[in-house]
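*Asks:* sequence first, then the predicted structure, then my questions.
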Amino acid sequence: MTRSVRDQLSVDSGGEPLALAAFDTERPPDSPSRGKAERELADDLLPKLGTLHDKLMANRDRAVLLVLQGLDTSGKSGTIKHVVSAFTPVGVRVASFTEPEGEELNEPFLARIERALPDGGQIGVFDRSHYEDAIVPRALEGMTDDDFAKRIDQILDFEARLVDDGFVIVKCFLHIGYDEQRQRFLRRLDRPDKRWKFSESDLDTRRHWPAFHAACGDVIGLTSTETARWHVVPSDQKWYRNWAIASLLVEHLEALNLSYPDLDPAIDPKAARARLAKPS
């Protein structure tokens with residue numbers, strides 16, 4: 001039996017730090033060809049996501065949170081453009097978390113995350129997330145081991161509470177290689193439609209590639225739980241990344257077994273039809 005994409009890409013780390021170097025950035029050998037994946041995305045997965053999202057919006061006791069984490073150029077905004085666009089806009093809430101500033105510096109680090117959560121029946125998308133507040137100080141040695149451990153515990157408690165409240169959390173680490181990142185930065189410099197995305201600060205981060213990779217591995221391994229698994233998505237090939245994340249979302253949403261609620265028992269269908277039959 002073919003394993004689900006969820007099973008193929010999920011991280012079962014046993015609560016231990018992860019060595020990302022052990023994970024390939026190219027698509028798995030048993031994945032579909034580019035042509036097949038692109039056809040399946042367009043003809044099957046995206047239409048399914050639209051239908052599943054419609055059912056989710058009708059069931060306001062559940063919500064889905066898609067966490068997109070990855071190093072620069074890994075494809076977070078590309079995923080939103082090519083996959084999240086399948087959802088009805090009114091039922092989607094997208095948030096991007098950069099370095100905290102202003103009043104955010106004086107409040108608990110999860111406060112701004114709480115404010116950005118989707119409502120019941122919605123899909124929330126985090127382009128970067130609460131994990132930035134653990135990965136960045138870990139990579140740049142701006143946090144002690146004890147403080148890092150406390151932050152991990154806070155994240156675990158936060159996500160456990162979300163699950164208890166009816167959230168489904170789909171966490172994806174978009175895993176690209178060092179050389180692929182270089183090529184994407186060069187394309188940003190070369191293409192007029194991409195230059196606006198280029199920042200020299202990204203190159204400063206690239207200088208710390210091993211440290212950021214190690215920090216990401218630590219955080220992923222320590223926070224991949226049974227109810228909120230991480231998925232390491234090979235992302236050197238954008239078409240595979242889009243197909244894989246769309247597949248993950250379909251699998252998670254289908255597992256909810258959602259159906260359309262029946263008519264409110266307080267409503268009398270015959271009386272409603274009679275009222276509609278009356279001329280204005």
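*Replies:* Okay, I see it.
*Asks:* confidence score at residue 280?
*Replies:* Note for residue 280: predicted pLDDT of 67.
*Asks:* what do you get for residue 131?
*Replies:* As predicted, residue 131 sits at a pLDDT of 96.
*Asks:* look up how far residue 201 lies from it.
*Replies:* In this view, residue 131 and residue 201 are 19 Å apart by CB to CB, to the nearest Å. C-beta coordinates here come from the backbone N, C-alpha and C atoms, glycine included.
*Asks:* kindly report the same for residue 73.
*Replies:* Counting by CB to CB, the gap from residue 73 to residue 201 is 13 Å.
*Asks:* more neighbours: these two, which one.
*Replies:* Each of residue 73 and residue 201 has its neighbours counted (other CB atoms under 10 Å); residue 73 has more, 23 against 9.
*Asks:* go ahead and flag the most central residue of the protein.
*Replies:* When CA atoms, centre = their mean is applied to the chain, the residue found nearest the centroid is residue 67 (2.7 Å).
*Asks:* how near is that residue to residue 123?
*Replies:* Going from residue 67 to residue 123 by CB to CB gives 12 Å.
*Asks:* quick check: neighbours of the helix or strand containing the residue nearest to the centre of the chain in the sheet, parallel or antiparallel?
*Replies:* Using DSSP states H and E, residue 67 falls within strand 63-70. Strand 63-70 pairs in its sheet with strand 123-127 (parallel), strand 167-175 (parallel), by DSSP bridges.
*Asks:* just the mean pLDDT for the first one, thanks.
*Replies:* Spelled out, it's strand 123-127. Strand 123-127 shows a mean pLDDT of 97.
*Asks:* buried stuff in that strand?
*Replies:* Neighbour-count burial for strand 123-127 flags 123, 124, 125, 126, 127 (criterion: 16 or more other CB atoms under 10 Å).
*Asks:* and for stretch 138-157?
*Replies:* So, applying 16+ other CB under 10 Å, buried residues of stretch 138-157: 138, 139, 143, 148, 151, 152, 154, 155.
*Asks:* what is the lowest-pLDDT residue among those residues?
*Replies:* residue 143 (91).
*Asks:* wait, what's in contact with it?
*Replies:* Counting by CB atoms under 8 Å, 6 or more residues apart in numbering, residue 143 touches 137, 151.
*Asks:* so how far is residue 152 from it?
*Replies:* Where residue 152 is concerned, residue 143 sits at a distance of 11 Å (CB to CB).
*Asks:* same check on residue 48?
*Replies:* Between residue 48 and residue 152 the distance is 34 Å, computed by CB to CB.
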